[in-house]
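Q: here is a sequence together with a model predicted from it:
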Amino acid sequence: MIPGPFDYQVAGSVAEAIALLDRYGADAKVLAGGHSLIPLLRFRLASPAVLVDINRLRDLEYIQEADGVLHLGALTREVELETSDLIRRRYPILADTARVIADPVVRNWATVGGNLAHADPANDHPATMLALGAQLVATGPAGQRLMAIENFFTDSSFETTLQPNELLTEIRIPAPSERSGGAYLKLERKVGDYAIAGVAVYLTLDGNDHVTYAGIGLTNVGPTPIKARAAEQLLLGRPLEEAVIAQAARQAAAEAQPVSDLRGPADYKRAMVETLTIRALRLARSRATGGASR
Amino acid sequence: MSIHHIHVTINGKHYEGDVEARTLLVHWLRDSLRLTGTHIGCDTSSCGACTILVDGKAVKSCTMLAVQADGRELLTVEGLEQNGKLHPLQEGFHVEHALQCGYCTPGMMMAALALLKRNPSPSEQEIREGISGNLCRCTGYVNIVKAIQYAAQKLREPQPEQVPAGSGGGGE
């Protein structure tokens, strides 16, 4: 399995990457970690005329918390998220997510930006970022554009609202307020497989354990990453009791759009969304209220 | 289709050559440089047989272009043995009988090397997680885990001459 022919350009700076993308337009593909793109090239499912390699852009690899926002460089490798003390301490939902992506060798090279920009409904970061309410920075010839993660994915698989001459450069996540917590749970047959189903949950509770923020994202149970809006709405303003958790989980399962495939029948996947949502909500509650982190 | 002239340090030795943009790193290593210790298994970054170290980090070389390695420092399984002496990992795989067909072994050892660099005293669970991107269809992994434990213990004893060239970090 040899890829078809293409030209290769290595970007020495973000500006250079954007100039290359601007020049080649839709004929170009960005090469980040490459663990989705290179297999696609090998299977000849993708045949871009030009690859723009951004792996030398070390200034896009960072994890920084400033002014109440976590800034992740788009080229941050999954292994860095998985092992960062800041992430483990303050954003355990991101560590949950990173450590179930592919396998440890792949995570040395795979990037958080690539996981999002590939817009594969089976990828894990989209659900987590939907739950967290992340904002994305797209950099193009005219400068930077900020967009909410829910406006990043379209109604089609593998498609984003990035323009051909824009590069995803940063992911911004609101720093946790008091009594906030999240969790990402993925059911997979084996290490390295895509999810049978995955559920990301992020919550903020007030002093009486009533929900003031709820984010729920679903992995690999539809043509795109899914934000379970009705389940989120159902939680808002209510106490996070078992009956409410069960109701929200049923609603999240109803919002899933799974299809039957090698990973299981649609009904089974829907049932797994319900179960994973219950468990993720309980874990998020425990983390939000200072309980055990696992 | 672009052709690129690349310079790469592999196992402490300098190599250079012209590569097509689409040439995969594992193919360059095996077909052009005849470093055939690195194996090709699944071709889709699932099995880990092609694992090598790039700038000190384990990478599946079937999912990296040769041109991406330009200017980087690589370590392949051929670089483990130093001056005719087996690396503790190779010794461990031998002593603990950690291979049957041997196909996964080079990648398994390179993934284990990366794990031990990061975590010199891994628990059994950490070893199993560390090699979870490397598939073995013969052994059931039990003896592979033992071999890595053997190497971990041996590497913890001070033996500076055992550190293979090119296994350090750094890079660009």
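A: Noted; the coordinates are in hand. Numbers count the residues shown, from 1 in each chain, chains lettered A, B, ... in the order given.
Q: what residues does stretch B:11-23 touch?
A: A:2-8, A:41, A:51, B:1-9, B:28, B:32-33, B:65-67, B:74-76, B:78-79, B:164-166 (C-beta atoms under 8 Å, 6 or more residues apart in numbering or on different chains). To be clear about C-beta, it is placed using only N, CA and C from the backbone, and glycine gets the same treatment.
Q: how far off centre is it?
A: In terms of C-alpha atoms, centre = their mean, to the nearest Å, the centre of stretch B:11-23 is set 17 Å apart from its chain centre.
Q: got it, and stretch A:58-69?
A: Mean-position distance between stretch A:58-69 and its chain equals 17 Å (C-alpha atoms, centre = their mean).
Q: start and end of it, how far apart?
A: 21 Å (C-alpha to C-alpha, to the nearest Å).
Q: okay, and B:Asn134 sits in which element?
A: Here B:Asn134 sits in a region with no helix or strand, counting by DSSP states H and E.
Q: tell me, how many residues neighbour the residue lying closest to A:Ala175 once chain neighbours are set aside?
A: Using C-beta to C-beta, 6 or more residues apart in numbering or on different chains and skipping the chain neighbours, the partner closest in space to A:Ala175 is A:Gly68 (4.7 Å). A count of nearby residues for A:Gly68, using other C-beta atoms under 10 Å in any protein chain shown, gives 9.
Q: which bits of the stretch 51-200 of chain A sit near chain B?
A: Within the stretch 51-200 of chain A, the residues that sit near chain B (C-beta under 8 Å from any C-beta of the partner chain) are A:51, A:53, A:55-56, A:58, A:79, A:102-106, A:108-109, A:191-192.
Q: and the residue in the stretch 1-150 of chain A that chain B sits nearest to, how far is that from B:Ile131?
A: Nearest residue of the stretch 1-150 of chain A to chain B (C-beta to the nearest C-beta) works out as A:Asp103 at 2.8 Å. A:Asp103 sits 9 Å away from B:Ile131 when distances are taken as C-beta to C-beta, to the nearest Å.
Q: higher neighbour count, these two?
A: B:Ile131 (29 against 25).
Q: spit out the contact partners of the residue nearest the centre of chain A.
A: The residue lying closest to the centre of chain A (C-alpha atoms, centre = their mean) is A:His125, at 1.7 Å. Counting by C-beta under 8 Å, 6+ apart, A:His125 makes contact with A:Thr97, A:Ile101, A:Val112, A:Asn115, A:Leu116.
Q: and which of the residues of the stretch 51-200 of chain A next to chain B is nearest B:Leu24?
A: Using C-beta to C-beta, A:Leu51 is the member of these that lies nearest B:Leu24, at 12.9 Å.
Q: so what's that closest one closest to, chain neighbours aside?
A: A:Leu31 is the one closest to A:Leu51 (C-beta to C-beta, 6+ apart), at 4.6 Å.
Q: quick one: contacts for that neighbour?
A: A:Leu37, A:Ile38, A:Leu51, A:Val52, A:Asp53, A:Ile54, A:Asn55, B:Leu65, B:Gln68.
Q: filter these to the buried ones?
A: A:Leu37, A:Ile38, A:Leu51, A:Val52, A:Asp53, A:Ile54, A:Asn55, B:Leu65, B:Gln68 (16 or more other C-beta atoms under 10 Å in any protein chain shown).
Q: any idea how far the residue nearest to A:Ala148 when sequence neighbours are not counted lies from A:Arg172?
A: The shortest distance from A:Ala148 to any non-neighbouring residue, by C-beta to C-beta, 6+ apart, is to A:Gln135 (5.9 Å). Distance of A:Gln135 to A:Arg172, given as C-beta to C-beta: 4 Å.
Q: common neighbours of those two, please.
A: A:Leu146.
Q: for beta bridges, what are the partners of the residue nearest to A:Leu51?
A: A:Asp53 (DSSP bridges).
Q: what distance do you get for it to B:Ile52?
A: 19 Å.
Q: quick check: buried residues in the helix or strand where A:Ile18 lies?
A: In this structure, A:Ile18 sits in helix A:14-24 according to DSSP H and E. By neighbour count on 16+ other C-beta under 10 Å, the buried set for helix A:14-24 is A:Val14, A:Glu16, A:Ala17, A:Ile18, A:Ala19, A:Leu20, A:Leu21, A:Tyr24.
Q: now that helix, how far from the chain's geometric center?
A: Using C-alpha atoms, centre = their mean, the offset of helix A:14-24 from its chain centre is 25 Å.
Q: so which residues of the stretch 1-150 of chain A form strands?
A: Listed in chain order, the strands of the stretch 1-150 of chain A (DSSP state E, counting those that start in this stretch) span A:7-10, A:28-31, A:50-53, A:63-66, A:69-73, A:135-140, A:143-148.
Q: count of neighbours near A:Asp206?
A: A:Asp206 is flanked by 13 other residues according to other C-beta under 10 Å.
Q: that one touches A:Thr212, doesn't it?
A: Yes - with contact defined as C-beta atoms under 8 Å, A:Asp206 and A:Thr212 form a contacting pair (5.3 Å).
Q: phi, psi of B:Gln82?
A: Backbone torsions of B:Gln82, given as degrees, to the nearest 10, read phi -120, psi 120.
Q: give the buried residues for the helix ranked longest in chain A.
A: With secondary structure taken from DSSP state H, chain A has its longest helix at helix A:266-288. Under the neighbour-count criterion of 16+ other C-beta under 10 Å, helix A:266-288 has A:269-274, A:276-285, A:287-288 buried.
Q: out of these, which touch chain B?
A: Counting by C-beta under 8 Å from any C-beta, no member of the buried residues of helix A:266-288 reaches chain B.
Q: not counting sequence-adjacent ones, nearest residue to A:Thr275?
A: Per C-beta to C-beta, 6+ apart, closest to A:Thr275 is A:Ala249, 7.5 Å.
Q: quick one: secondary structure of the one you found?
A: helix (DSSP: H, G, I helix; E, B strand; the rest coil).
Q: thought it was touching A:Ala271?
A: No - if you go by C-beta under 8 Å, A:Ala249 and A:Ala271 don't touch, sitting 10.3 Å apart.
Q: what is the neighbour count of the closest residue to chain A within chain B?
A: As assessed by C-beta to the nearest C-beta, chain A sits closest to B:Gly133 within chain B, at 2.8 Å. The tally of other residues near B:Gly133 (other C-beta under 10 Å) stands at 24.
Q: so it makes contact with A:Ile101?
A: No - B:Gly133 is beyond contact range of A:Ile101, at 11.0 Å (criterion: C-beta under 8 Å).
Q: contact partners for the closest residue to A:Ala49 other than its chain neighbours?
A: Nearest non-adjacent residue to A:Ala49, counting by C-beta to C-beta, 6+ apart: A:Asp27, 4.0 Å away. Applying C-beta under 8 Å, 6+ apart, one finds that A:Asp27 lies in contact with A:Pro48, A:Ala49, A:Val50.
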